[in-house]
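Kindly return the folded structure for what I paste below:
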Amino acid sequence: MTATPVINVTDLAKVYVTDEVETHALTGVNLRVDAGEYVAIMGPSGCGKTTLMSILGLLDAPTSGTYDLGGTPVAKLDARQRAHFRNRYIGFVFQSFNLIGDLSVYENVELPLVYRGGLGRAERCRKVAEALESVGMSHRMRHYPAQLSGGQQQRVAIARALVGDPAILLADEPTGNLDSANGEKVMDLLADLNARGATLVMVTHDARYAAHSNRLVRLFDGQIVAENESSLRLGVPSRKAFP
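Numbering: from 1, shown residues only. Purely as a prediction, here's the structure:
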């Protein structure tokens, strides 16, 4: 029996209407991501990469088409359910880190668990410690973002994305604000997380970083124009199963 994919998108379209002008950001997109995959999405500026990531992350809704997240049709989720799925099953890593400056590293990583609720202080502490250990930042947990390098801030952002043990990690240009050396370190970290079972979808404009993935998807003018699955690794267990 074929396992249920983590992400299954069929004939997805997104149209923006401004002053009666239609902009077709996505057209007829079909994408399946299975547990344990590491998928890189590449394409020129304005091709629809960020729009697709926003829809996959439940930050936006498609105009048409279907999106099943862990076997659940997203269209059937109300606002509260979407927020629950987003917090419980999706981890985000952004280009700009998005750390809160007046919170410590520990507090930044703990924040998703605080919003989720239902966890005692000791359990939150354990999860934060594990997440920071997984990215090699345990020794910086009492520091503040301004006291960290860009590469260190991105590691903290990845720990924050991982702390809730998400089913999938979405990374939107995670090396965009880093120099090449720190960018490679972050890519090595993501590859290591994938090797340990994390399911990753990453948007990048850099072919060097896309080479770290198992599968490359190319977008152009809102459509998938090519896929390369030659190095796909299957059979890696996911970090978190859906209900």
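
Stretch 194-201: which residues count as buried?
Using 16 or more other C-beta atoms under 10 Å as the test for burial, stretch 194-201 gives 194, 198, 199, 200, 201. Where you see a C-beta, it was placed from the backbone N, CA and C, and this is true even at glycine.

Give me the contacts around that stretch.
By C-beta atoms under 8 Å, 6 or more residues apart in numbering, the residues outside stretch 194-201 that reach it are 6-7, 33-39, 41, 53, 56, 162, 167-171, 190, 193, 213-214, 236-239.

starting at the chain centroid, how far to it?
Taking the mean of its C-alpha atoms, stretch 194-201 sits 10 Å from the chain's own mean (C-alpha atoms, centre = their mean, to the nearest Å).

for stretch 62-76, same thing?
Distance of stretch 62-76 from the chain centroid (C-alpha atoms, centre = their mean) equals 17 Å.

For it, what does the pLDDT average out to?
The pLDDT scores in stretch 62-76 average 93.

what about the strands in this protein?
7-18, 21-33, 38-42, 64-69, 72-73, 90-94, 168-172, 200-203, 215-220, 223-228 (DSSP state E).

Can you pull up the most central residue in this structure?
Centroid-nearest residue in the chain, with C-alpha atoms, centre = their mean: residue 170, separated by 0.8 Å.

What count of nearby residues applies to the closest residue to residue 49 other than its chain neighbours?
Leaving aside its sequence neighbours, residue 49 sits nearest to residue 203 (C-beta to C-beta, 6 or more residues apart in numbering; 4.6 Å). Residue 203 has 24 neighbouring residues, counting by other C-beta atoms under 10 Å.

got the contact list for residue 203?
So residue 203 contacts 40, 41, 42, 49, 50, 52, 53, 171, 172, 173 (C-beta under 8 Å, 6+ apart).

ok, 10 Å please
39-43, 49-50, 52-53, 56, 95, 170-174, 176, 210, 217, 219 (C-beta atoms under 10 Å, 6 or more residues apart in numbering).

any idea how far it is from residue 89?
Remark: distance between residue 203 and residue 89 (C-beta to C-beta, to the nearest Å) = 19 Å.

Quick one: work out the angle between the longest helix seen in the chain and strand 90-94.
Assignment by DSSP state H gives helix 180-195 as the longest helix of the chain. Helix 180-195 and strand 90-94 meet at an angle of 170 degrees, taking axes from the mean of the first three to the mean of the last three C-alpha atoms, to 10 degrees as the criterion.

So what's the residue count around the residue nearest to residue 28 when sequence neighbours are not counted?
Excluding the flanking residues, the one nearest residue 28 by C-beta to C-beta, 6+ apart is residue 11, at 5.6 Å. Look at residue 11: counted by other C-beta under 10 Å, it has 12 neighbours.

any weak-confidence spans in the protein?
Applying pLDDT under 70 to the chain flags the ranges 1-2, 229-243.

what separates stretch 63-83 from the chain centre, distance-wise?
For stretch 63-83, the distance to the chain centre is 17 Å (C-alpha atoms, centre = their mean).

Same check on stretch 139-155?
How far stretch 139-155 lies from its chain's middle: 20 Å, per C-alpha atoms, centre = their mean.

Also stretch 18-36?
Centroid separation between stretch 18-36 and its chain, computed with C-alpha atoms, centre = their mean, is 17 Å.

Any buried residues in that stretch, and which?
25, 26, 27, 29, 31, 33, 34, 35, 36.

hang on, the fourth one packs against residue 8?
No: using C-beta atoms under 10 Å, residue 29 is not in contact with residue 8; the gap is 11.6 Å.
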